[in-house]
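Participant: any chance you could fold what I've pasted below:
(one chain, ligands or ions: 1)
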Amino acid sequence: MAAHQEKKLAEERKHQNMQNDTKTSQGQWGRAWEVDWFSLASILFLLMFAPLIVYYFIMSCDQYQCSLTDPLLDLLTGKKHLSDIWNRTPMLTYKAAAIYSLWVTFQVFLYLSIPDFCHKFLPGYVGGVQEGAVTPAGVVNKYEINGLQAWIITHVLWFANAYCFHFFSPTIIFDNWIPLLWCANILGYAVSTFAMIKGYFFPTNAKDCKITGNFFYDYMMGIEFNPRIGKWFDFKLFFNGRPGIVAWTLINLSFAAKQQELYGEVTNSMILVNVLQAIYVLDFFWNEAWYLKTIDICHDHFGWYLGWGDCVWLPYLYTLQGLYLVYHPVQLRTDYAMGVLMLGLLGYYIFRMTNHQKDLFRRTNGNCRIWGKKPEYIECSYTSVDGTKYYSKLLTSGFWGWARHFNYTGDLMGSLAYCLACGFEHVLPYFYIIYMTILLTHRCIRDEHRCSSKYGKDWRCYTAVVPYRLLPGVF
Ligand code: NDP
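Facilitator: Sure, this is the predicted structure:
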């Protein structure tokens, strides 16, 4: 069985590492083979509490006008029992189940059945069949990049049906928000459980599987690297880049429509949140081919972290600002709104340019110009599981000379702008920046650990040249 072979392979690798832990480890980058107690404790915490956190946030908006403290106070003072809160929570409905099934089926259809046509008429857009990065087992997967067209078709149909044919109300998402949460959870758990079973019994590529033997760790972090059904249905690309992210902008539009319905106007804060987040989403689709080279696709295995996270965490918690503004329609002073807009655009610019510099540098193998000059870099090498040696380069020019993850810094500035657009009355909209700071700092450390095992001494040379991670002179 693939699972037993992998376990045996893991033990052999562990042995090899112990024999020679000073060398760059062979094909060892990526998710861990062994679980330390801290990782296990974090995973158990997340498995238990992440679904509750999502429920708590959404419920506090629904029942407590987005106050995060009032539900706790009610419970602690005995004014309310858990059952009172639960009894007021909308349950799963046939309508929500039908909307959600239709939604996911439609996204699967767009993903699998319509080859990309956008790259044929949009100059500069990279779509159609593209290759991913080399996996630790030395495999290069092919992907059909058609996310931009899926986003465009979905949004055109949304506007046509909501505003021209009046087939449904544009507030449909807000009106079914909690029943849809149950549907998203069902899909999130189903897909993560399926991925685990598939990883054990019929993996797409057994050499790229990792099994630690710890059920919770394997469930959370995934066994298979690139699970697929058939040649083209790639779990990571679909769940990371379709149902949740395509929905993100529609969810915000639905919140804006609800504001209009309730108060007769859409506030400038709601417009800001819609515009800044739409730029981020569109950027994702415009650069979907680049996305194949990011950590999510290149290094993470597919488990609950990605499966449930993409189905539930992303669409429900990344859209909290818009939801908050339905309950608290904040009208910002023009100068303040302009300041938030500038911060958001500057953050986006840094995020995009930093990512672009690395992409350009890697695509051209260093034969490009960064800020008008030939780029400086550090030569590095690594070895895949089958012993093949590969060569690569680490850029030290442009934003990559300022800090090792300046793209995260730009992302954090943009994230802060979404939150600031909601004013200062409540903490709830600020959850996003707190979460992103934890996520990206942890990601930074995780990535550096991986790069250090992948590149060994070459990575140490790089960190000596670029000593800071996120903020030059600070961290
Ligand atoms: P990066 O795009 O920074 O990719 C990190 C990888 O790039 C490393 O593993 C290494 O891979 C390579 N690399 C590192 N340093 C250099 C260098 N100096 N020169 C060349 N290559 C280098 O990270 P992510 O994939 O995490 O993030 C991509 C973007 O997505 C970021 O802008 C981030 O902010 C955003 N993001 C957003 C999230 C959200 O939820 N909104 C979540 C996560 C990310 P290799 O093995 O190829 O050398």
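
Participant: so what's the residue of the stretch 101-250 of the chain found nearest the ligand closest to, chain neighbours aside?
Facilitator: Nearest residue of the stretch 101-250 of the chain to the ligand, counting by CB to the nearest ligand atom: residue 133, 6.3 Å away. Where you see a C-beta, it was placed from the backbone N, CA and C, and this is true even at glycine. Nearest residue to residue 133 in three dimensions, chain neighbours excluded: residue 298, at 4.6 Å (CB to CB, 6 or more residues apart in numbering).

Participant: distance of that neighbour relative to the ligand?
Facilitator: In this view, residue 298 and the ligand are 7 Å apart by CB to the nearest ligand atom, to the nearest Å.

Participant: where's that residue relative to residue 121, distance?
Facilitator: Using CB to CB, to the nearest Å, residue 298 is found at 29 Å from residue 121.

Participant: between these two, point out the one with more neighbours.
Facilitator: Shown here are residue 298 and residue 121; by other CB atoms under 10 Å, residue 298 has more neighbours (19 against 7).

Participant: thinking again about what came up before, hmm, the residue nearest to residue 133 is touching residue 136, no?
Facilitator: No. Judged on CB atoms under 8 Å, residue 298 makes no contact with residue 136 at a distance of 10.0 Å.

Participant: any shared contact partners between the two?
Facilitator: Here residue 298 and residue 136 have no joint contacts, going by CB atoms under 8 Å, 6 or more residues apart in numbering.

Participant: read off the pLDDT value for the residue of the stretch 101-250 of the chain closest to the ligand.
Facilitator: At residue 133, the model reports a pLDDT of 83.

Participant: isn't there a helix covering it?
Facilitator: No. Using DSSP: H, G, I helix; E, B strand; the rest coil, the secondary structure at residue 133 is strand, not a helix.

Participant: what's the burial count for whichever residue of the stretch 251-400 of the chain sits closest to the ligand?
Facilitator: When scored by CB to the nearest ligand atom, the stretch 251-400 of the chain has residue 294 as its residue closest to the ligand, at 3.1 Å. By other CB under 10 Å, 16 other residues sit near residue 294.

Participant: swap in residue 156?
Facilitator: By other CB under 10 Å, the residues close to residue 156 number 10.

Participant: quick one on the thing from earlier: from residue 205, how far off is the residue of the stretch 101-250 of the chain closest to the ligand?
Facilitator: Relative to residue 205, residue 133 is positioned 14 Å away (CB to CB).

Participant: I'd say the residue of the stretch 101-250 of the chain closest to the ligand and residue 140 touch.
Facilitator: Yes. Shown here, residue 133 and residue 140 form a contact pair, counting by CB under 8 Å, at 7.5 Å.

Participant: buried ones in stretch 224-243?
Facilitator: Neighbour counts over stretch 224-243 (16 or more other CB atoms under 10 Å) mark 224-228, 232, 234-243 as buried.

Participant: how long is it end to end?
Facilitator: End-to-end distance of stretch 224-243 (CA to CA, to the nearest Å): 21 Å.

Participant: so what's residue 253 up against?
Facilitator: By CB under 8 Å, 6+ apart, the contact set of residue 253 is 158, 170, 274.

Participant: who's in contact with the last one?
Facilitator: Taking CB under 8 Å, 6+ apart as the contact definition, residue 274 lies against 249, 252-253, 256, 322.

Participant: quick one: pLDDT of it?
Facilitator: pLDDT, residue 274: 98.

Participant: ok, the first one next?
Facilitator: As predicted, residue 158 sits at a pLDDT of 97.

Participant: how about it, secondary structure?
Facilitator: Under three-state DSSP, residue 158 comes out as helix.

Participant: for it, which non-adjacent residue is closest in space?
Facilitator: residue 250 (5.8 Å).

Participant: state the helix or strand in which the one you found lies.
Facilitator: helix 243-263 (DSSP states H and E).

Participant: C-terminal to that helix, what's the next element?
Facilitator: helix 268-286.

Participant: compute the inter-axis angle for that following helix and helix 243-263.
Facilitator: Helix 268-286 runs at 160 degrees relative to helix 243-263, counting by axes from the mean of the first three to the mean of the last three CA atoms, to 10 degrees.

Participant: helix, strand, or coil at residue 168?
Facilitator: Classification of residue 168 by three-state DSSP places it in coil.

Participant: my read: it touches residue 160, true?
Facilitator: No. Under the criterion of CB under 8 Å, residue 168 makes no contact with residue 160, lying 10.9 Å away.

Participant: thinking again about what came up before, the buried residues of stretch 224-243: which two are farthest apart?
Facilitator: 225 and 243 (21.1 Å; CB to CB).

Participant: quick one: residue 125 from residue 285, how far?
Facilitator: Taking CB to CB, one finds residue 125 at 9 Å from residue 285.

Participant: same question, residue 153
Facilitator: Noted for residue 153: a distance of 12 Å to residue 285, by CB to CB.

Participant: neighbour-wise, which of these two wins?
Facilitator: A direct count of neighbours by other CB under 10 Å for residue 153 and residue 285 places residue 285 higher, at 23 against 15.

Participant: thought residue 147 was touching the more buried one, still the case?
Facilitator: Yes. Contact between residue 285 and residue 147 holds when scored by CB under 8 Å: they sit 4.6 Å apart.

Participant: mutual contacts of the two, please.
Facilitator: Counting by CB under 8 Å, 6+ apart, the contacts common to residue 285 and residue 147 are 241, 245.

Participant: show me what contacts the residue nearest the centre of the chain?
Facilitator: Centroid-nearest residue in the chain: residue 240, 6.2 Å away (criterion: CA atoms, centre = their mean). Listed by CB under 8 Å, 6+ apart, the contact partners of residue 240 are 291, 296-297, 306, 310.

Participant: rerun that using 6 Å as the cut-off
Facilitator: If you count contacts by CB atoms under 6 Å, 6 or more residues apart in numbering, residue 240 has them with 296, 310.

Participant: next, it: secondary structure please.
Facilitator: With three-state DSSP as the basis, residue 240 sits in helix.
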